[in-house]
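Engineer: with the input below, show me the fold.
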Amino acid sequence: MATTRSELKNYLNTAKELAVLVSENVDQINELRRIPRHVSDAIAKEGFFRLLMPRELGGAELEHPYFLKIVHIFGVIDGSTAWCINQNNVFATNSTRMTAEAVEKIYVDPLAVVTNGPPSSSTRALITEEGYSLTGHWNFSSGSRHGTWIAALSPIGEETGSKDPTQSREGMRVLLLQQEQAEMIDTWQVNGLRGTGSFSFKIDNLSIPNEMTYDPNGKPKYCNPLYSIPTTLLFSSGFATVALGCARAALDAAIELSSTKRPGFSKNHLYQDITTQRSIGNAEAIWGSAKAYLKECTDQVWSAVNTEGSLTTEQRIRLRLASTYGIRKAVEVTGMAYTLCGSTSIFEFSPIQRRFQDVNVISQQIQGRLTHYDSAGQFFLGMEPEGIF
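Structural biologist: Below you'll find the predicted structure:
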């Protein structure tokens, strides 16, 4: 069922209201390295961690282009909150792969949020009679401090008595557990995206029943064009939107500052300098082109899954390329704003400083890797592309 104009208007208005709440707490988000509980609870109560879940499961089943509009609203206000909005919502699409027992157990709580993270090489899940015995270490669990459940991706091995269960790994599986069943480890000592609280977690020989696991590559059980888009592309386009939102805020801050700041040894305000004028014009062009390119590719993907039910390699490659380009150009634009505003940019009170740190952290995440350009280049050169798309 498509989102009506009235429903979309309500979602956008609610997003703006929640963004005001976030803006009132940005310093606390950064200082505490988490979204404060009263803020994350408000987001959850409005269903904003379930925007991409099926309606049958209590979600909004929002069209992807509309979802990105909401991500952008938060991205302009705070990169960490926008990151968690995208991360937790996209991961929630895996509810379409979970067992009915798992969905009921997790999502009966309106405040439930599932967090996850990539496994280390020592991670393993051994097959047992009841399900699996899970041991391992995972990193970068974004939203872990407001999350209530953990999804642990793990290689699967047979319980054969071997001292090296990695020798019998075959396939991957996601195992679901309550957050208190894992040991959270504070490794998130960073300067950018601090509020995501992307802690690590550790598990030691924990029994997980079969019904609380699922195949991450399994076919979604719900028929909706949204679930025909590869999860990795939902992540990449969303994170590019976060980055461009941060860049927009940094550029707006630079424009505002230019009307009041007089650089050292200058009689003129910053905006009166021809270098400033050219830099702002250039930055606007870069930001606008990256934003438009991302929108063009996301719209094309959305149209394709609605009409064809699937995506071609070219469509996947183009969205991957636009997402990577958006992230890298967001870094460039934010850097231009940072440089333009001189020493004012270096202080913690500066909105540009926080955005500068945030976009540079985003660029270091897997979705911003320069190797995605290699995949696109291989495709356009007529080669078989390698990589994640």
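Engineer: could you use CA atoms for every contact and neighbour count after this?
Structural biologist: Fine.
Engineer: which ones are touching the residue nearest to Cys341 when sequence neighbours are not counted?
Structural biologist: Once flanking residues are discounted, Cys341 sits nearest to Ala254: 6.4 Å by C-alpha to C-alpha, 6 or more residues apart in numbering. By C-alpha atoms under 8 Å, 6 or more residues apart in numbering, the contact set of Ala254 is Ala337, Tyr338, Leu340, Cys341, Ile352.
Engineer: and what of Thr81?
Structural biologist: Val22, Ile35, Phe74, Gly75, Gly195, Thr196.
Engineer: coming back round to it: what comes up buried for the strand or helix carrying the residue nearest to Cys341?
Structural biologist: Using DSSP states H and E, Ala254 maps to helix 231-258. Buried residues in helix 231-258, counted by 16 or more other C-alpha atoms under 10 Å: 231, 233-255, 257-258.
Engineer: and for stretch 352-366?
Structural biologist: Ile352, Gln353, Arg354, Arg355, Phe356, Gln357, Asp358, Val359, Asn360, Val361, Ile362, Ser363.
Engineer: tabulate the CA atom coordinates of it in PDB.
Structural biologist: What follows is stretch 352-366, C-alpha atoms only, in PDB (Å, rounded to 0.1, in the frame of the first residue of the first chain):
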ATOM      1  CA  ILE A 352      31.200  23.600  11.300                       C
ATOM      2  CA  GLN A 353      33.700  21.800  13.600                       C
ATOM      3  CA  ARG A 354      31.200  19.100  14.500                       C
ATOM      4  CA  ARG A 355      30.100  18.600  10.900                       C
ATOM      5  CA  PHE A 356      33.700  18.500   9.700                       C
ATOM      6  CA  GLN A 357      34.400  15.600  12.200                       C
ATOM      7  CA  ASP A 358      31.200  13.800  11.300                       C
ATOM      8  CA  VAL A 359      31.600  13.700   7.500                       C
ATOM      9  CA  ASN A 360      35.200  12.600   7.800                       C
ATOM     10  CA  VAL A 361      34.100   9.700   9.900                       C
ATOM     11  CA  ILE A 362      31.400   8.800   7.400                       C
ATOM     12  CA  SER A 363      33.900   8.900   4.600                       C
ATOM     13  CA  GLN A 364      36.000   6.200   6.500                       C
ATOM     14  CA  GLN A 365      33.100   3.800   6.800                       C
ATOM     15  CA  ILE A 366      32.700   1.100   4.200                       C
END
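Engineer: leaving out the residues flanking it, which one is nearest to Asp358?
Structural biologist: Gly192 (4.2 Å).
Engineer: any idea how many residues pack against that neighbour?
Structural biologist: 22 (other C-alpha atoms under 10 Å).
Engineer: next: Pro110.
Structural biologist: Using other C-alpha under 10 Å, Pro110 is surrounded by 15 other residues.
Engineer: all good on my end, thank you.
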